[in-house]
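1. pasting a predicted model and its sequence here:
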Amino acid sequence: MSLADLWFALFVVIIAGYVILDGFDLGVGILHPFAARTDEERRISLNSIGPIWDGNEVWLVVGGGVLFAAFPVVYAALFSGFYVALMLVLLFLILRAVAIEFRSKRESAAWRSFWDRVFSISSIALALLLGVALGNVIAGVPLASSGDIVISSVLDLLKPFPLLVGVTAIAMLALHGGLYLEVKTEGPMHDRVRGWLPSLGALFAVLGIAVAIWTAIEDYDVFTAFRDHWWLDEFPLAAAAAFGAIWWYRAKGRDTAAFFSSCVMLAFLLLSAGVGMYPDLLISTTDPAYNMTVSNAASAQTTLEVMLVVAIVGLPFVLLYTAGVQYLFRGKVRLSPDSY
C-alpha cells in the first residue's frame with residue numbers, strides 16, 4: 001500500500017467519523033421541532049448535544065485539511081464546481097451554531113421559536129447538501145481536462161440521483177439522531193421519539209434500497225466495483241447487519257447498544273462508498289481520462305510523509321478528546337441554570 005492509498009483510507013475513515021458524530025447532532029436538529037413540544041423539552045433536545053456538538057465538527061475540519069494537503073487537485077476541483085454549495089454548507093453550519101448559542105439568551109417565546117426553526121432548518125439543509133454532494137461524487141461530475149468542474153450554476157448539481165441521496169441522508173440522520181435522543185431523554189419526549197423510530201427506520205430502508213437500485217441500473221462505478229469484486233460485498237452486508245442489530249437491541253430495551261449499532265451502520269455505509277470509489281476520487285462524466293485518482297491527484301511523497309508524522313502525533317489527541325467528552329457527558333440530560 002502506498003502512502004497515497006493510506007491517506008485515501010484515512011480520509012474515508014475521518015469522514016465516516018464526522019458523519020457518525022456530527023450526524024446525531026444533525027439528526028437531533030432535524031427532529032427538534034417535532035420531538036420536543038414544550039420549551040423544557042426543546043432545552044433538553046439542545047442540551048443533549050450542547051457540550052459536544054462543536055467538538056464533533058472538528059472531524060469535518062480534519063477531513064477538509066486532509067483533502068487539501070493530501071489531494072490538493074481534488075480540493076481545488078471541488079471548490080471550482082461546488083463553490084456555492086460549499087459556501088451554503090458554511091452558512092448553515094454558522095446558523096446552526098448561532099441558533100444553539102442564541103436561543104436561551106432571552107425568555108421571549110417568539111425569540112426562542114425563531115431560533116428553534118433556524119436550528120432545525122439548518123440541520124435539514126446540511127444533511128441534504130452533504131447527501132447531494134455524495135450523490136454527485138458517486139454519479140460523476142463534468143471534469144474538464146484542466147481539472148475544473150464545469151457547471152453553469154449550482155442547480156446543475158441538483159439532479160434526480162443526488163437529490164435522492166440527499167433525501168436519504170436526511171432520513172438516515174433523523175434515525176441516527178432519534179436513536180441518540182432515545183438514549184439521552186426520558187419521559188414523554190423519550191416515548192414520543194421511541195414511537196417514531198420504526199417509521200424512520202422503514203423510510204430510510206426504502207430510500208436506501210432505492211439508491212442501491214438506481215446505482216445498479218445506471219451502472220455507476222461504485223456498483224461495478226462490488227459486482228466485479230464480490231469480496232467487497234462484506235462492507236454493505238455489514239451495514240445491513242448493523243441496521244438489523246438496531247431493532248434487535250431496541251426490542252431488548254438496550255437503547256445504548258442500538259445507538260452504537262447505528263454508528264457501526266453509518267461507518268460501513270461510508271466505507272462501502274469509499275471502497276466502491278477506489279481508486280477514483282472524482283469521476284469525470286466528460287472523459288474517463290480526466291478522472292482524478294489516488295495516484296494522479298496525490299501530493300508529493302514528502303508531503304504525505306510529513307502529514308503522516310503530524311497525524312500520528314495529532315490524531316490520538318482528537319480521539320482522546322472525542323472519547324473524553326462523550327464519557328463525561330454520558331447519561332440522561334439534566335437541565336441546570338447554565339443549560340441552553
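-> Done, it's in.
2. for whichever strand or helix holds Ala216, give the mean pLDDT please.
-> Element membership for Ala216 (DSSP states H and E) is helix 188-218. In this model, helix 188-218 has a mean pLDDT of 95.
3. buried residues, it. List them.
-> With burial defined by 16 or more other C-beta atoms under 10 Å, the residues of helix 188-218 counted as buried are 189-190, 192-194, 196-197, 200-201, 203-204, 207-208, 211, 214-215. To be clear about C-beta, it is placed using only N, CA and C from the backbone, and glycine gets the same treatment.
4. how about low-confidence regions in the stretch 101-250 of the chain?
-> Screening the stretch 101-250 of the chain residue by residue with the criterion pLDDT under 70, one finds no matching range.
5. would you mind identifying the next helix or strand past the helix holding Ala216?
-> Beyond helix 188-218 on the C-terminal side, the first helix or strand identified by DSSP H and E is helix 221-228.
6. buried ones in that following helix?
-> Quick answer for helix 221-228 (16+ other C-beta under 10 Å): 221-223, 225-226.
7. just to revisit the earlier point, by how many degrees do the helix holding Ala216 and helix 221-228 diverge?
-> 80 degrees (axes from the mean of the first three to the mean of the last three C-alpha atoms, to 10 degrees).
8. helices or strands up against helix 188-218?
-> Packed against helix 188-218 by the contact rule (3 or more C-beta pairs under 8 Å, 6 or more residues apart in numbering; DSSP states H and E) you find helix 3-35, helix 39-49, helix 160-184, helix 221-228, helix 234-251.
9. mind checking the ones you listed for the one nearest to Leu281?
-> Each of these has some distance to Leu281 by C-beta to C-beta; the shortest is helix 3-35, at 7.4 Å.
10. quick one: that closest one to helix 39-49, angle?
-> Direction vectors for helix 3-35 and helix 39-49, defined by the same axes, to 10 degrees, enclose an angle of 170 degrees.
11. list the buried ones in helix 3-35?
-> Residues of helix 3-35 classed as buried by neighbour count (16+ other C-beta under 10 Å): 3-4, 6-33, 35.
12. orientation of that helix relative to helix 160-184 in degrees?
-> Using the same axes, to 10 degrees, the interaxial angle of helix 3-35 with respect to helix 160-184 works out to 70 degrees.
13. what mean pLDDT does helix 3-35 have?
-> In this model, helix 3-35 has a mean pLDDT of 95.
14. elements contacting it?
-> When contacts are defined as 3+ C-beta pairs under 8 Å, 6+ apart, helix 3-35 packs onto helix 39-49, helix 53-56, helix 58-70, helix 109-139, helix 160-184, helix 188-218, helix 255-277, helix 301-328.
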